[in-house]
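J.: here is a sequence with its predicted model. Questions after.
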2 protein chains.
Amino acid sequence: MTETLLSSATREVVIGFDRPFVVIGERINPTGRPRLAEELRAGNFDTVVADAVAQVEAGAHMLDVNAGVPLADEPALLAEAIRRVQAVTDVPLCIDSSIVAALEAGLAAYEGKALVNSVTGEEERLESVLPLVARHGAAVVGITNDETGISEDPDVRFEVARTIVERAADHGIPREDVVIDPLVMPIGAMASAGRQVFRIVRRLREELRVNTTCGASNISFGLPNRHALNAAFLPMAIASGLTSAITSPLHPEVRAAIQAADVLMGHDAHCAAWIAAHGGEGPMQPQRGRRGGREGRRRAAAP
Amino acid sequence: MTETLLSSATREVVIGFDRPFVVIGERINPTGRPRLAEELRAGNFDTVVADAVAQVEAGAHMLDVNAGVPLADEPALLAEAIRRVQAVTDVPLCIDSSIVAALEAGLAAYEGKALVNSVTGEEERLESVLPLVARHGAAVVGITNDETGISEDPDVRFEVARTIVERAADHGIPREDVVIDPLVMPIGAMASAGRQVFRIVRRLREELRVNTTCGASNISFGLPNRHALNAAFLPMAIASGLTSAITSPLHPEVRAAIQAADVLMGHDAHCAAWIAAHGGEGPMQPQRGRRGGREGRRRAAAP
């Protein structure tokens, strides 16, 4: 059992094998959102604040905050975005940048124990990000690519994960504070992308015993009816052992799929959250349900 | 790789590890449908015929046919139901009864290679059903309970499955013609019901190398918003290795979930079936998608 504890000033969230799935809201990210990028460049955080509130209202347990605007002062923007988000919500945050100085500024501004997104298996990243994570007592997302790129072999990606976990330990970061991202490729470009994730997630859980996260929406990139694909992908990944995802809680299909997966993993005691969200008066106590019922009736009818 | 070939007079369907998921329509069953039971008792097969056509139109690859009406002549009813269904559809059928004489009458009436539903691990069932299956060159569903009932321990159910496969071999029925049903319990009555199925299905695939089926809708018995639970359960079971299910193809959410699971398992070449069903002009060829895109842009912006 591995539990990753994250916190804000006043609230804790635990990512864990025997816990409800943790949804990390993906929206606060200017990539592919030119209007948000423009706002951030102008020092306007209105959309950031609105996205924070909307995602938490929709059920996000944590929020990813990325302020990666080209040619802007990303460290200052990220720190300010974090302050603004922490002023309006109390969920723990995921501090998201590929610029070490921005991660550092974000961590300095953050109140609580953050999840740093991310380190890779690249030597230079390991040695620049991990000391920072250790100094702040944070947790870190480890992405399973290295200098050679992203392997299409899930077992190679697993070995990158092992390297990250071992190197983190060298820096005093315990295994439970490393959350591995197996890298989700678009299934439209690579037919094995789903099976790769399911396989590596299972190995990460059973062999490396670490929590996992991923940019789940990536799986459906370029295909029609993306929400329906995302809504099937997440339960499949959860059944394989995935314990959190950076995704959108704003789509009802995706939200219902995650709630259902919690029920089906036995992580929604007495189905209480399901029943609260979907109506009904509590589970009936069936006599073994339909198959059993049929068998029972058949036997009664048998000569 | 295990492939179970079923056929009607003119069409073949293969259940297999590297194949699209096989949907066996569950509707032709009077259990819990008193009006259908009354019709059958009166020798009226109108609903049977209508249900057959509707399920095949909705995408069922096979149909389960059950005529278990208490105190009726089930062998005669089942044989006639099979003749009527084979007259209007060409999908292979699953001949469903707990009465051996009804299975025998159904097999005698059937044209093609049927799936017999079912045998259990009970000694008396093994020795009455398996010889019949062997004589007709059919395939058989093996249900993982025995004289001691249904174990809550998936590893005990796995051992019942092993017994059925071994005994089938003694009767000359090859492993690929035994499709194991791990027994799906209602999650509202047993919080571990989902995990039990995922575990046993994985073992059945990896260790016993058999195809699997289940009465999938049973998982949501007694709970609200059943279709949403079923639509999450099937992809989770498919990710664990399930290769077919007796379920309803008539609900759009469930149908979309199964189509999505085929895409995500890499069993929908070029996502062609998905795109045909859900619109769009084919997968775009992304540059590693969102995560990758973000990384790329970040690097460009890095100092």
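T.: That came in fine, so what should we check first?
J.: contact partners of whichever strand or helix holds residue A:23?
T.: Using DSSP states H and E, residue A:23 falls within strand A:22-28. Residues outside strand A:22-28 that contact it (CB atoms under 8 Å, 6 or more residues apart in numbering or on different chains) are A:13-15, A:48, A:51-52, A:54-56, A:58-66, A:81, A:85, A:94, A:115, A:213, A:215, A:217, A:243-250, A:258. The way it works is simple: take the backbone N, C-alpha and C, and place the C-beta from them, glycine included.
J.: show me what that strand pairs with in its sheet, parallel or antiparallel.
T.: Strand pairing for strand A:22-28, determined by DSSP bridges: strand A:62-66 (parallel), strand A:244-247 (parallel).
J.: helix or strand next in line after the longest one, which one?
T.: Scanning the chain past strand A:62-66 towards its C-terminal end, the next helix or strand to appear is helix A:74-88 (assignment: DSSP H and E).
J.: for that following helix, buried residues please.
T.: Buried residues in helix A:74-88, counted by 16 or more other CB atoms under 10 Å in any protein chain shown: A:74, A:75, A:77, A:78, A:79, A:80, A:81, A:82, A:84, A:85, A:86.
J.: quick revisit: of the contacts of strand A:22-28, buried ones?
T.: A:13-15, A:48, A:51-52, A:55-56, A:58, A:60-66, A:81, A:85, A:94, A:115, A:213, A:215, A:217, A:243-250, A:258.
J.: thinking again about what came up before, of all the strands paired with strand A:22-28, which lies closest to residue A:170?
T.: Residue A:170 lies closest, by CB to CB, to one member of those: strand A:244-247, at 24.6 Å.
J.: which elements pack onto the following helix or strand past the closest one?
T.: Downstream of strand A:244-247, the first helix or strand assigned by DSSP H and E is helix A:252-264. Here helix A:252-264 touches helix A:226-240, helix A:272-278, helix B:226-240, going by 3 or more CB pairs under 8 Å, 6 or more residues apart in numbering or on different chains; DSSP states H and E.
J.: quick check: buried residues in helix A:252-264?
T.: Using 16+ other CB under 10 Å as the test for burial, helix A:252-264 gives A:253, A:254, A:255, A:256, A:257, A:258, A:259, A:260, A:261, A:262, A:263, A:264.
J.: contacts for that helix?
T.: For helix A:252-264, contacts defined as CB under 8 Å, 6+ apart pick out A:20-21, A:23, A:58-59, A:227-228, A:230-232, A:234-235, A:238-239, A:247-249, A:268, A:271, A:273-274, A:277-278, B:187, B:194, B:219, B:223, B:225, B:228-229, B:231-233, B:236.
J.: how does it look with 7 Å?
T.: Contacts with helix A:252-264, where a contact means CB atoms under 7 Å, 6 or more residues apart in numbering or on different chains, come from A:20-21, A:23, A:58-59, A:227-228, A:230-231, A:234-235, A:238, A:247-249, A:268, A:271, A:273-274, A:277, B:187, B:194, B:228-229, B:232-233, B:236.
J.: now list the buried members of those residues.
T.: Neighbour counting with 16+ other CB under 10 Å marks A:20-21, A:23, A:58, A:227-228, A:230-231, A:234-235, A:238, A:247-249, A:268, A:271, A:273-274, A:277, B:187, B:194, B:228-229, B:232-233, B:236 as buried within the contacts of helix A:252-264.
J.: quick revisit: rebuild the helices and strands packed on helix A:252-264 as a markdown table, extending it with distance to residue B:183.
T.: Converted to a markdown table, those look like this (distance: least, CB to CB, whole Å):
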| stretch | distance to residue B:183 |
| --- | --- |
| helix A:226-240 | 18 |
| helix A:272-278 | 22 |
| helix B:226-240 | 12 |
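J.: of all these, which one is nearest residue B:153?
T.: helix B:226-240 (17.1 Å).
J.: for the closest one, name the packing helices and strands.
T.: Packed against helix B:226-240 by the contact rule (3 or more CB pairs under 7 Å, 6 or more residues apart in numbering or on different chains; DSSP states H and E) you find helix A:226-240, helix A:252-264, helix B:193-203, helix B:252-264.
J.: report the distance from it to the chain centre.
T.: Relative to the centre of its chain, helix B:226-240 is centred 13 Å away, using CA atoms, centre = their mean, to the nearest Å.
J.: now do residue A:191 against chain B, distance only.
T.: Look at residue A:191 and chain B: by CB to the nearest CB, to the nearest Å, they are 4 Å apart.
J.: next, that residue: phi, psi?
T.: Main-chain dihedrals, residue A:191, degrees, to the nearest 10: phi -60, psi -20.
J.: need the pLDDT of the residue lying closest to residue A:199 once chain neighbours are set aside.
T.: Leaving aside its chain neighbours, residue A:199 sits nearest to residue A:154 (4.6 Å; criterion: CB to CB, 6 or more residues apart in numbering or on different chains). Per-residue pLDDT puts residue A:154 at 90.
J.: got a list of what residue A:154 touches?
T.: Residue A:154 touches A:196, A:199, A:200, counting by CB under 7 Å, 6+ apart.
J.: now the phi/psi pair for the closest residue to residue A:7 other than its chain neighbours, please.
T.: Using CB to CB, 6+ apart and skipping residues adjacent in sequence, the residue nearest residue A:7 is residue A:112, 4.1 Å away. Residue A:112 adopts backbone torsions of phi 120, psi -160, taken as degrees, to the nearest 10.
J.: mean pLDDT added to the strands paired with strand A:22-28, as CSV?
T.: What follows is the strands paired with strand A:22-28, written out as CSV (pLDDT from 0 to 100):
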stretch, mean pLDDT
strand A:62-66, 98
strand A:244-247, 96
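J.: now render the ones you listed as TSV, adding distance to residue B:175.
T.: Shown next, in TSV, are the strands paired with strand A:22-28 (distance: least, CB to CB, whole Å):
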stretch	distance to residue B:175
strand A:62-66	47
strand A:244-247	37
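J.: quick one: closest of those to residue B:120.
T.: strand A:244-247 (39.6 Å).
J.: now do the closest one: distance to the chain's middle.
T.: Taking CA atoms, centre = their mean, one finds the center of strand A:244-247 at 2 Å from the center of the full chain.
J.: can you pull out the residues in contact with that strand?
T.: With contact meaning CB under 7 Å, 6+ apart, strand A:244-247 is reached by A:15, A:21-24, A:26, A:64, A:94, A:179, A:211-217, A:234, A:254.
J.: can you show me the CA trace of that strand as CSV?
T.: Coordinates of each C-alpha in strand A:244-247 appear next as CSV, following Å, rounded to 0.1, in the frame of the first residue of the first chain:
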residue,chain,number,x,y,z
SER,A,244,-4.8,9.6,-10.3
ALA,A,245,-5.0,11.5,-13.5
ILE,A,246,-4.6,15.0,-14.8
THR,A,247,-7.8,15.4,-16.7
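J.: per-residue pLDDT, the nearest residue to residue A:279 once chain neighbours are set aside?
T.: Spatially, and ignoring its direct neighbours in sequence, residue A:279 is nearest to residue B:224 (4.7 Å; CB to CB, 6+ apart). Residue B:224 is assigned a pLDDT of 97 by the prediction.
J.: so how far is residue A:125 from the residue in the stretch 1-150 of chain A positioned nearest to chain B?
T.: The minimum distance from the stretch 1-150 of chain A to chain B, using CB to the nearest CB, falls at residue A:98 (3.7 Å). Here residue A:98 is placed at a distance of 9 Å from residue A:125 (CB to CB, to the nearest Å).
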